[in-house]
Each structure stands twice: as structure tokens, then as C-alpha cells.
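S.K.: Any chance you could fold what I've pasted below:
(3 chains, ligands or ions: 1)
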Amino acid sequence: MRRVAVIGTGQTKHAKARDDATQSELVRQATTRALADAGITIHEVDAIVLSNMELFEGRALPEMWVGEGAGGYRKPVMKIATGGTSGTSACIAGYHQCASGLFDIVLVVGWEKHSEGATQTGMALTDPLWDRNVASGAVGNFALSISQYVAARGVTPQQAAKVAVKARRNATRNPYAHLQIDGITVEQVLQSRMLADPVHLLDMCPQSDGACAVIYAVEDRAKKFCPRPSWVRAAVTRHDQPYIGDLDRRLVTMRTLRDAAREAYQRVGITEPLREIDVAEIYEPVSYAELAWYEALGFCAEGEAGRLIDDGVTEMNGELPVNPSGGVLSTNPVGASGVLRVAEAAMQVMGRAGDHQVPDVRLALATGYGVYAWSDVIILSAD
Amino acid sequence: MQPITILGVGRTDYEPKPGVSIPEMVHHAVQAALADAGLTMQDVDARVTASADLWDGLTASNVAITEVVGAVMQPEARVAGDGLAAACHGAMSILANAYNVVLVVAHCKASMGDSGGITNWTFDPIYQQPLGLDDAAAAALQSSALHFPTPPLPPPIADGAAAIILAHAPHPQSAIRDPQLIGMGWALDEHYLGDRDLTDSPALREAARRALALANLDDPKRDLTFVELSEHFDYQRELWTFILGLDSTHDINSSGGLQRGVPPFVAGLDRLIQVVLRLRQESGVALAHGCWGPCGQGQVVMVVRR
Amino acid sequence: MTELLRVPHTMTLAWRYGTSWYFAEFIRALRDERRLLGLRCPACRRVYLPPRPVCGNCYAELREWVEVKDSGTIRAFTIVHTPIIDPTSGQLRPTPYGMALIQLDGADTTLNHYLAENDPSQLQIGMRVQAVWRKERSGMLSDIVHFVAMNNEQ
Ligand SMILES: [Zn+2]
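M.R.: Modelled structure (predicted):
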């Protein structure tokens, strides 16, 4: 496989409503910033991969309208959409296209403008003949599998709240993050409105408007344009069965993430992920999920995730900082959320993460999550 | 580019299938492609699916077909666009050495929804959508710009699925039969109809330029044995033919093209299937074309040889 | 600076979803006989509810119908406090309400459905529950109003 690296990233300010920018403008902002970060112009981009979940905004084939914002006219443009994993899947698709030998530089842009859509469209996420007859919503669905995870592992609401606090505290050092809650406390999370037992409002991710772009280059171009490229070392996808009731104890087993991580670690030669990985940007739609992902990613043994957060292992100054950007819990423009994970992981390797930079990152992990239990795992490194 | 082998093709009939579910439709196409290739699902490393959420009435429309495309605990990417673009992406991931064998599947149940309503949602929501533009209205503008005397005629509405299997190298037992993909290109045109010269298609020119260059063909008139075009309205056959530098003396759409009814998003992949089936009978170099969006805003071209 | 505007659109679309043989048979048995039918995988023997053409774990075609009871065991539960639009009424569903993943007796998958109980202290994983049916059935999951605790488990 040809060696490919991320050489630039760019994102918009994420917010509840970006009335000042159309979808196309959001994409243009992220693209322009990524091009500047990479030190190239749009003319050097050979191909573009887009990511978005169009039903949220009431669009059909939105890339037709928004492709312009990515500088896509008369260039090869493809849209990848796989639900919540759209962004990471688009990043994997862009990586494959760059590694194919046909393109030298590939731009990936994800975006979502939740404020432009109606909540009803979310109902179209489930099978019309089955789940759509029983209203639970995304939060209810998470809460159901969280009840199994809590029963199996004994994690407490306080431990979950610590994850929520960690994310928002990290977000205050990321000027692009949507939620900016100064001095947030565990008590504040536990006292926030109950959405679905045991998930409080502040345990959940927000819905955001925003876009994020990543630029890949093949080896010679990467070395030419970037002093410290972020090399792609592994990219693995696992999908799973379609109904929420199909997946036995989904958060407890999380077989897709477990298997994708196993294959990715094997390719890179990682045997002790907690010790070897320097930073992780993982797709945690809800505080409890981050704890479950610690286990599935092999950061700790089963049942040890609560201890990991209690001991501060995944805090900014811990052994393996998780989501220095504030994560999905602080910023969630769905079509961009996976691209953000890869961009933030790459920024850490490139040493361009500003106030939320972790020192001396050589190996970074990014994950995507969506559709009840689909997973992507991407590993980036400094060499 | 290194040639990619097309090991198998399969499809359903194309016709309105009011009682049939999307997963079952896709299942039949996948089974047909596996049987044609002489493979089982265990031989497939990854899949690329193509579908459009608004047509399926389902967000992340590949969710419904995870099981029938064998994607449980396996890699899958989904292209929101024509199946021929999905085939390009599948080929790219093979060229990247990410996978050896890739299943490419496209589906659409055009009879499920209202084409006018759905394609109206493609136009930008501030200037064009409120005008009530849809694909048919855009086609009427394009055909009048081309001075066609009659209103554009869309093919009959059809439902269906199509599948192909791509591989890094031919199987020893089928190497003589199987055509190879030797060139591909795709591109996006401008969005606002008023910005475009509707009598031209820079995106198709660019897609074809890329595909022919990869295939080392410099004279499509001389080098192409036959061509399968996606004419989503009758007038487009002449337009795409002209833009590709061909004329009516060429062998174009001998399969019947889309005129008997081929679902959108399946259409381009079905052009490729027609090319493959004919190349198994006679050697030559052929071009398969797909397009999607208003007046073919998205364009994709593949060159295949045997 | 010019005041920013939002351009409103109300868009309605309708779809006609085909059932295929498997959902057609499920709906018929539910509507006409108040029976719940699943499909058994010939390879892993799992009984799937809802029915579908292929077992994703084995990539095996499903053909064998198995009757599933309308009683089962709670495998996961929550109390929903955020109002969600109820697709059967188009109105916000009054909160709080209980939801569970229920493994119906005879099925290997779980069913996502409502509980009559909305006090979490009265619920636990492993609890036995029974469906409460509507008088008029349409063949949809909403023919079951909700599930109630089985007090006198035999
Ligand atoms: Zn099975």
C-alpha cells in the first residue's frame, strides 16, 4: 500500500445555529482552512470525498449544491454516507483513493447543519415496518443498552458524569468546540434534566452546525508540504446487524469496535494500547459509551473503565488523554463528527492542536461510531 | 492503472415491484453476482453499496441491507450516488491494496416515492427549490436549450438492484472470460442551472478524459468497440454521445439503454453489467457511463476491455 | 450588516414500503391470529424477530417460521423523560414512559417496546413481562399497547 499522510486539517466554529453561513459556506470555511494548513491551493487537490447525513436537513444529494463549497466543480467528487460513521468512513474512503495510485492529494470534508432540519426526520432512521412504530429516539436507545452495561460492569452515574465533565473541560481549550461550559462539575451533570434513565442532558452530545476537512497526500507530496505529516497506519471498518434488538448486550460486547481495534492494532504492532497510544479521539455520543469504548479498545480490562476515569488516566495530563478536543460530547455536526475525530488525532501528531495539544504525540487513535453499533478505527503516527 | 478484473455480475428484473422489500431485491442481485462469479460471500473482502436516502425513505439507507450484502462484522462503504461511482470506489480500494475482492451493489425502488418531490429536494433551498424545479423540469430546460422539438421523455419507472464483483486479479479458471476495468473517471458539474451551459457537460468531458487517459486510449472514435450510456431522458443519448466525441455511426446502447426502464442509481452500474455481458461474447474495448443529479450534474465513466 | 434570515420550507413526502413475503406473513399472523412469528436460521439456529431474508451472522437464507410467545424477559430498560413524537398518533408521547428490550419467549433477538411501569425502582433486568394487546389490530408493532409485569409466573 502506498504511504499516505494527513498534511492539513481545517474546521469551522461549531455552534447550535450558524445562521451566518449556508451549508456550502460551512464547507468552504473548513476547506479553506485545511488548504491553508496544508500550504496548498485547491488546484493541487486531485479528488474530493464528502460526508453528510442529508435527511437531517431535508436534502437529497446535498453534494450537488454543497460540492461547490469544497471546490469540487469538474473534479472527482464522491459522497460517502453510513450514518454516524459517515465521517470516519469518508476518511477511510479518501485514504484508499489517495493510496490507489490514481490521486496524489485527496480532500475529505464532512458537514452537518442540524439547525436547518426538523426533528421528525430523525424518525426515518429506523425500519418503517418495525422500530418506527415504537418511539424511543436516539437517547432512549442508548439508555437501553446503557442499562445492560451498568448492570454488567457496575459503573456509576458519577463515573459517567466524570467523562462528561472531562469532555467539556477539554472543550474550553478548543476555540472551535460547540459547548463551552466553564467550570462544569459532576454535580451539575447529575442535576441536569433526566432524558432517559440513567442519561442526563449533560451526559449526551449536542446537535451542532459545523464542518471539518482533512487533506491527505501520498508520501513524496506529504514530505514536501508538511514538516511532520500524520501517517495513516491502519483503517478498519466493521458493520453490524440492522435492528437494535439484534445485538446482544451491545455496549457490553461492542464486537465491531473490539474486532476493528484488534485488526488495526495487529497491523501497527500495538500490543499494549494504553501504554503505546499517545492520544485518542473517540466517537462518544454519550458519557457511558466512552467507558464502554475503553474496554472494547483494550485500554483496560472489562469492568475497569470506571477506575480509569476515577484515576484520571484519560484526562489531559493522564497516561492516555482521550478527546482533548472535547469530543462528540462537546461538538456534534454528525456528518463532520467522524472527520473531526481524524482531524483532531492528526493535529495532535502534527503538533498543531494549540491549547489542547498533548506533548510528544507519536501514535494517535481515532474511531467512528454509528447506526447502533457500527465502528471505524483509524491509527495515525508520526512515522 | 493496473487492470481490475470483473469476476461476476448479477441483477434483478427492472420493473415496479410494489410488494417487494429493498433487502430482498438486493439479496437477489447479490446472489446472482456471486453465482455468476462462482464465489461465496466468504470470498468477499469488502463491499461498496450505492443508494439514495430520499428515494428509500430511510436515513443511512444502507442500514436495511447490511445482512444481505454480507456486511455484518465486515467492511462496507456506501456511496450516495450512482452505482458506477461505487464501482469506481471499489476499484480504488483494490488498487490501494486494501482489499482483494470487492462486492459492489446498487439499488433503488423508484416506485416507492414521488420523483418530483424527491428531486425537488436536490436543488439549493434558497434560490432554486422554491421555484419548484425537479429533475423533469430541469430536463425540459436542457432539451429546449438543445432545441429538441419534443418534451423530454423519461423511461418507465422501475425498481431493482444490480451487483458486480471486482477483484485484484482474474481467477485462473475464468481469466479468458472476464473483462477487465482499465480506466475510470468521475466529476461533478456546477449546480445552478443558470451557471451551466446546458448544451455541454464539462463534468462528463472531465470524467471521460480521465478514464480514457488511464486506459491509454487517445481516439475514442477509433478505440471504442461499443458504448453503453445512461440516458435518463431520451434526448440525453444524443448529448452524451456528442460530448464523448462520438456520433450516430457508433455502436451505442445496443442493450436498449435505459429506455425500457432501469432504476436511477442502478442505471450506471447496469450499463457496466451490459458491457461485461457483451464483452464475454466478443472481445473489444467498451465504455460504460452513469450520471445522477439535475441534468447529469454528477458524471462517471468506466472503460472495460477483453 | 444586513439582518440574517431563515427561509422556511415545509416539505412532505410519502413512501410506500414493500413488505416482501416475510413481513407480509408476519403482519398477517399478527393481525388475523394475534400470533408473533419469527424466522429460524438453519445454520446458527437463532430465531429472528423481526423476520428478514438473511441471517447476517451466517449469511444464510431464512425460511423456517417459528411462533414466538407474547411473554418474555426484560434484557434492558429505561424510563424516557424526553418527549418523542409518537409515530402512531403524530403527537408527542406523554412522559415519563418505560421502554425495554424484551426477549420474547422463543426468540433469540430482543424487541424494543413500551412498559406500563414508569418507576425505575420497580424494574429490573431479568423481569418477566406480558404483552397487552389492542382490541383492533392492524398488523403493526403498535397493536401491542405495552408490556406489564407477570406477577404470577408459573
Ligand atoms: Zn445464522
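S.K.: list the contacts for residue 48?
M.R.: Just so you know, I chose chain A. Listed by CB atoms under 8 Å, 6 or more residues apart in numbering or on different chains, the contact set of residue A:48 reads A:67, A:70, A:71, A:72, A:75, A:76, A:77, A:78, A:106, A:107, A:108, A:109. The C-beta positions use only the backbone N, C-alpha and C, and glycine is treated the same way.
S.K.: not what I meant, chain B
M.R.: Residue B:48 makes contacts with B:76-79, B:86-87, B:89-90, B:93, B:102-105, as judged by CB under 8 Å, 6+ apart.
S.K.: what about 10 Å?
M.R.: Under the criterion of CB atoms under 10 Å, 6 or more residues apart in numbering or on different chains, the neighbours of residue B:48 are A:80, A:93, B:62, B:69, B:75-79, B:83, B:85-93, B:99, B:102-106, B:166.
S.K.: From the residues you listed, which land in strands?
M.R.: Per DSSP state E, strands hold the following members of these: A:80, B:76, B:77, B:78, B:79, B:102, B:103, B:104, B:105, B:106, B:166.
S.K.: JSON lines please, covering those and showing pLDDT.
M.R.: Formatted as JSON lines, the ones in strands among the contacts of residue B:48 follow (pLDDT from 0 to 100):
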{"residue": "A:80", "pLDDT": "97"}
{"residue": "B:76", "pLDDT": "98"}
{"residue": "B:77", "pLDDT": "98"}
{"residue": "B:78", "pLDDT": "98"}
{"residue": "B:79", "pLDDT": "98"}
{"residue": "B:102", "pLDDT": "98"}
{"residue": "B:103", "pLDDT": "98"}
{"residue": "B:104", "pLDDT": "98"}
{"residue": "B:105", "pLDDT": "98"}
{"residue": "B:106", "pLDDT": "98"}
{"residue": "B:166", "pLDDT": "98"}
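S.K.: Could you identify the buried members of these?
M.R.: Buried by 16 or more other CB atoms under 10 Å in any protein chain shown: A:80, B:76, B:77, B:78, B:79, B:102, B:103, B:104, B:105, B:106, B:166, out of the ones in strands among the contacts of residue B:48.
S.K.: sorry, back to before: name the member of the contacts of residue A:48 with the most neighbours.
M.R.: The residue in these with the most neighbours, by other CB atoms under 10 Å in any protein chain shown, is residue A:109 (37 neighbours).
S.K.: The one helix or strand residue A:140 maps to and chain B, any residue contact?
M.R.: Per DSSP states H and E, residue A:140 falls inside helix A:137-153. No. If you take CB under 10 Å from any CB of the partner chain as the test, helix A:137-153 misses chain B, and the best it gets is 11.3 Å.
S.K.: next one: stretch C:84-91
M.R.: No. Using CB under 10 Å from any CB, stretch C:84-91 never reaches chain B; the gap is at least 13.1 Å.
S.K.: Then stretch A:58-66?
M.R.: Yes. Applying CB under 10 Å from any CB, one finds stretch A:58-66 touching chain B at A:58, A:59, A:60, A:61, A:62, A:63, A:64, A:65, A:66.
S.K.: what about the helices in chain A?
M.R.: Remark: helices assigned in chain A by DSSP state H are A:23-38, A:63-66, A:86-99, A:137-153, A:157-171, A:186-191, A:219-225, A:250-253, A:255-268, A:273-276, A:287-296, A:305-310, A:327-330, A:334-350.
S.K.: The ion: which of these is closest?
M.R.: Judged by CB to the ion, the one of the helices of chain A that comes nearest to the ion is helix A:255-268, at 14.9 Å.
S.K.: which helices and strands sit right next to the closest one?
M.R.: Contacts defined by 3 or more CB pairs under 10 Å, 6 or more residues apart in numbering or on different chains; DSSP states H and E place helix A:255-268 against strand A:230-238, helix A:273-276, helix A:287-296, strand A:363-370, strand A:374-381.
S.K.: could I get the ones you listed as TSV with mean neighbour count, mean pLDDT and distance to chain C?
M.R.: Listed next are those as TSV, based on neighbours: other CB atoms under 10 Å in any protein chain shown; pLDDT from 0 to 100; distance: least, CB to the nearest CB, whole Å:
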stretch	mean neighbour count	mean pLDDT	distance to chain C
strand A:230-238	24	98	12
helix A:273-276	16	98	27
helix A:287-296	27	98	12
strand A:363-370	27	97	17
strand A:374-381	27	98	12
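S.K.: export the ones you listed to a markdown table and tack on distance to the ion?
M.R.: Compiled in a markdown table, the helices and strands packed on helix A:255-268 are given as follows (distance: least, CB to the ion, whole Å):
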| stretch | distance to the ion |
| --- | --- |
| strand A:230-238 | 18 |
| helix A:273-276 | 31 |
| helix A:287-296 | 23 |
| strand A:363-370 | 24 |
| strand A:374-381 | 19 |
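S.K.: need those in JSON lines with distance to residue C:122, can you?
M.R.: Listed next are the helices and strands packed on helix A:255-268 as JSON lines, based on distance: least, CB to CB, whole Å:
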{"stretch": "strand A:230-238", "distance to residue C:122": "37"}
{"stretch": "helix A:273-276", "distance to residue C:122": "40"}
{"stretch": "helix A:287-296", "distance to residue C:122": "22"}
{"stretch": "strand A:363-370", "distance to residue C:122": "32"}
{"stretch": "strand A:374-381", "distance to residue C:122": "34"}
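S.K.: Tell me which of those sits nearest to residue A:253.
M.R.: The minimum distance between residue A:253 and those falls on helix A:287-296, with 8.1 Å, by CB to CB.
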